[in-house]
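>>> When you get a sec, could you give me coordinates for this:
(one chain, ligands or ions: 1)
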Amino acid sequence: MNVYLTVIIASLIGSWLLGTLSNRLSAKALAPQPPIEFADHFDPETFAKSQEYTRASMRFSTVTDTFNTLLTIIIILAGGFNWLDILVRSLELNPILTGLTYIGSLGLISAIIGLPFEIYHAFVLENRFGFNTMTVGTFISDHIKSFILSVIIGGVLIAGVLAFFQLSGPYAWLLCWGFAVTFSLGLTYVAPTWILPLFNKFTPLEDGELRQALEACANNAGFKLSGIFVMDGSKRSTKGNAFFTGFGKHKRIALFDTLISEQTTEEIVAVMAHEIGHCKRGHIKKRLAVGIIKTGVIFYLMSIFMSSPELFAAFGMERMSIYAGLIFFALLYTPMSLVLSVLSNRVSRKHEFEADRFASKTTGKPEAMISALKKLSASNLSNLTPHPLTVWLKYGHPPVLERIRALSTSPK
Ligand SMILES: [Zn+2]
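A predicted model of the protein is given here:
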């Protein structure tokens with residue numbers, strides 16, 4: 001058997017096995033009673049509901065994973081990639097357009113196949129637990145907007161990469177790297193003004209107790225904040241959140257309206273202080289630097305593997321092309337990407353503890369952060385006792401209980 005085919009099929013099955021096993025173990029690890037720390041936030045009914053939500057989410061993730069893995073393997077073994085290639089080539093477009101059509105068709109096919117799962121997730125699963133607030137109209141308009149955006153953004157990015165690999169010889173990967181990094185930094189820069197408002201309304205937080213408390217906290221931490229906005233998160237879900245957008249001096253914070261309606265001023269200040277902690281402790285810069293290096297490594301490896309005849313033989317291709325090489329490399333990259341995501345989740349969990357500690361020090365009120373976390377877990381029906389394998393594999397945040405324990409022992 002072709003060595004690339006063996007690696008790809010084995011890693012698809014391996015990552016499916018790991019995911020399924022982790023869901024099984026986490027379902028078994030569900031405790032009959034909430035941990036003592038949560039006794040005041042989870043009444044028996046809410047706790048039972050949170051367990052049922054965890055079970056239902058895991059079943060959903062196992063079914064989607066199984067379906068996607070099986071389908072990918074069947075398409076590879078049945079020569080689906082070659083079939084699509086013959087079809088696209090018969091249009092006799094120029095090389096770049098042929099590549100865009102090929103990759104675009106694959107993207108479209110996978111989006112159409114994923115649609116029933118998305119509909120089920122939003123309107124059945126999340127609805128059953130009272131999270132979904134999205135209308136069918138919002139769902140449809142979200143999808144139309146995302147589709148147009150991915151055609152434009154994905155189109156420019158892929159066309160650039162195809163052109164560099166086609167025209168610039170052995171150092172094409174360096175040019176692709178520079179191009180992709182500049183392009184994505186540009187996107188991050190315009191996202192708060194051009195892209196995010198397409199999906200949500202951002203209103204400056206009105207003057208009052210909350211605004212003054214947030215500004216005082218930012219000042220106290222020596223943090224330049226160019227705006228505090230309220231985002232209509234309630235348009236889609238009852239789950240609350242907060243995040244920063246923009247670069248350098250143009251940093252703004254967006255608070256979900258759902259967060260504001262559920263938490264006290266002190267708790268929201270703690271949540272913002274946590275986010276400030278991520279900037280002040282250099283987490284955002286580190287993440288950016290790692291992302292840039294990772295992109296370079298990916299393009300370098302891509303340039304080595306994408307022109308291997310053996311790789312094309314693994315997919316039963318009759319002809320070689322740069323565009324199909326990109327897709328095949330992405331599949332070959334599966335095991336590497338799994339390893340990297342486990343590592344980056346590990347770093348990210350460490351950063352979360354650091355940001356919590358920062359919030360607790362800056363506000364001098366670890367108890368505010370603790371109660372904010374408890375409220376968020378109760379209203380999001382979080383799993384309070386995930387299995388360590390699930391945490392290791394998927395958690396970018398430490399289990400909430402560990403965060404609370406760390407906060408209650410951290411020095412002020
Ligand atoms: Zn965080």
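
>>> where's the one residue in the stretch 51-200 of the chain that gets nearest to the ion, which helix or strand?
Nearest to the ion in the stretch 51-200 of the chain, going by C-beta to the ion, is Thr188, at a distance of 17.8 Å. The C-beta positions use only the backbone N, C-alpha and C, and glycine is treated the same way. Thr188 is part of helix 172-190 when elements are defined by DSSP states H and E.

>>> OK, contacts around the residue of the stretch 51-200 of the chain closest to the ion?
Residues counted as contacts of Thr188 (C-beta atoms under 8 Å, 6 or more residues apart in numbering) are Phe247.

>>> can I assume Leu125 sits in a helix?
Yes. Counting by DSSP: H, G, I helix; E, B strand; the rest coil, Leu125 falls inside a helix.

>>> so how far is Ile293 from it?
As judged by C-beta to C-beta, to the nearest Å, Leu125 and Ile293 stand 37 Å apart.

>>> number of nearby residues for the nearest residue to Met369 once chain neighbours are set aside?
Spatial nearest neighbour of Met369, excluding adjacent residues (C-beta to C-beta, 6 or more residues apart in numbering): Ala270 at 4.1 Å. By other C-beta atoms under 10 Å, the residues close to Ala270 number 27.

>>> for the one 10 residues further on, same thing?
Applying other C-beta under 10 Å, we find 17 other residues in the vicinity of Lys280.

>>> I'd say it and Phe223 touch.
Yes. Taking C-beta atoms under 8 Å as the definition, Lys280 is a contact partner of Phe223 at 6.8 Å.

>>> So the nearest residue to Thr69 once chain neighbours are set aside, which state does it fall into?
The spatially closest residue to Thr69, leaving aside those adjacent along the chain, is Trp16, at 4.3 Å (C-beta to C-beta, 6+ apart). Under three-state DSSP, Trp16 falls in the helix class.

>>> Quick check: Trp16 vs Trp83, distance?
Taken as C-beta to C-beta, the span from Trp16 to Trp83 is 24 Å.

>>> Neighbour count: those two, which is higher?
Using other C-beta under 10 Å as the criterion, Trp16 and Trp83 rank with Trp16 on top: 18 against 12.

>>> quick one: the more buried one from Tyr53, how far?
23 Å.

>>> Just give the nearest non-adjacent residue to the closest residue to the ion within the stretch 1-150 of the chain, would you?
Residue of the stretch 1-150 of the chain nearest the ion, by C-beta to the ion: Glu37 (19.5 Å). Using C-beta to C-beta, 6+ apart and skipping the chain neighbours, the partner closest in space to Glu37 is Ile404 (5.6 Å).

>>> In its sheet, which strands sit next to the lowest-mean-pLDDT helix or strand in the chain, and in what direction?
Within the chain, confidence by mean pLDDT, DSSP states H and E is lowest for strand 242-245 among all helices and strands, at a mean of 86. Next to strand 242-245 in the sheet, as set by DSSP bridges, lie strand 252-256 (antiparallel).

>>> in the strand it pairs with, what's buried?
For strand 252-256, the neighbour count (16 or more other C-beta atoms under 10 Å) marks Arg252, Ile253, Ala254, Leu255, Phe256 as buried.

>>> what about the nearest residue to the first one once chain neighbours are set aside, neighbour count?
The shortest distance from Arg252 to any residue other than its chain neighbours is 3.9 Å, reached at Gly227 (C-beta to C-beta, 6+ apart). Gly227 is surrounded by 15 other residues when neighbours are defined as other C-beta under 10 Å.

>>> Quick check: Gly227 touching Thr245?
No. Using C-beta under 8 Å, Gly227 is not in contact with Thr245; the gap is 9.4 Å.

>>> shared neighbours of these two, anything?
Residues touching both Gly227 and Thr245 (C-beta under 8 Å, 6+ apart) are Arg252.

>>> can you list the domains in the protein?
Domain ranges of the chain: 3-132+280-409, 202-262, per automatic domain parsing.

>>> The longest one: end-to-end distance?
Okay, so that is domain 3-132+280-409. 52 Å (C-alpha to C-alpha, to the nearest Å).

>>> where does the chain dip in pLDDT?
248, 410-412 (pLDDT under 70).

>>> residues of the lengthiest helix in the chain that come out buried?
In the chain, assigned by DSSP state H, the helix with the most residues is helix 44-77. Within helix 44-77, the residues scored as buried using 16+ other C-beta under 10 Å are 47, 49-51, 53-54, 57-58, 60-62, 64-65, 68-69, 72, 75-76.

>>> of all the buried residues of strand 252-256, which comes closest to the ion?
The nearest one, if we look at the buried residues of strand 252-256 relative to the ion and count by C-beta to the ion, is Ile253, at 12.6 Å.

>>> which residues does the closest one bridge with?
Ile228, Phe244.

>>> how far away is Thr265 from Gly364?
With C-beta to C-beta as the criterion, Thr265 and Gly364 are 15 Å apart.

>>> what's the answer for Ala324, then?
On the measure of C-beta to C-beta, Ala324 and Gly364 end up 58 Å apart.

>>> Looking at these two, which is more packed in?
Between Ala324 and Gly364, Ala324 has the larger neighbour count (other C-beta under 10 Å), namely 24 against 9.

>>> Ser226 and Asp142, how far apart?
The spacing between Ser226 and Asp142, counted by C-beta to C-beta, is 27 Å.

>>> quick one, which of those two is more surrounded?
Asp142 (17 against 11).

>>> can you tell me the helix or strand for that one?
Here Asp142 is assigned to helix 136-167, by DSSP H and E.

>>> For that helix, name the packing helices and strands.
The contact analysis (3 or more C-beta pairs under 8 Å, 6 or more residues apart in numbering; DSSP states H and E) places helix 136-167 against helix 95-120, helix 172-190, helix 196-199, helix 322-332.

>>> ok now the helix holding Thr188, how far from the chain's centre?
19 Å (C-alpha atoms, centre = their mean, to the nearest Å).

>>> so that helix versus helix 322-332, what angle?
Interaxial angle, helix 172-190 versus helix 322-332 (axes from the mean of the first three to the mean of the last three C-alpha atoms, to 10 degrees): 80 degrees.
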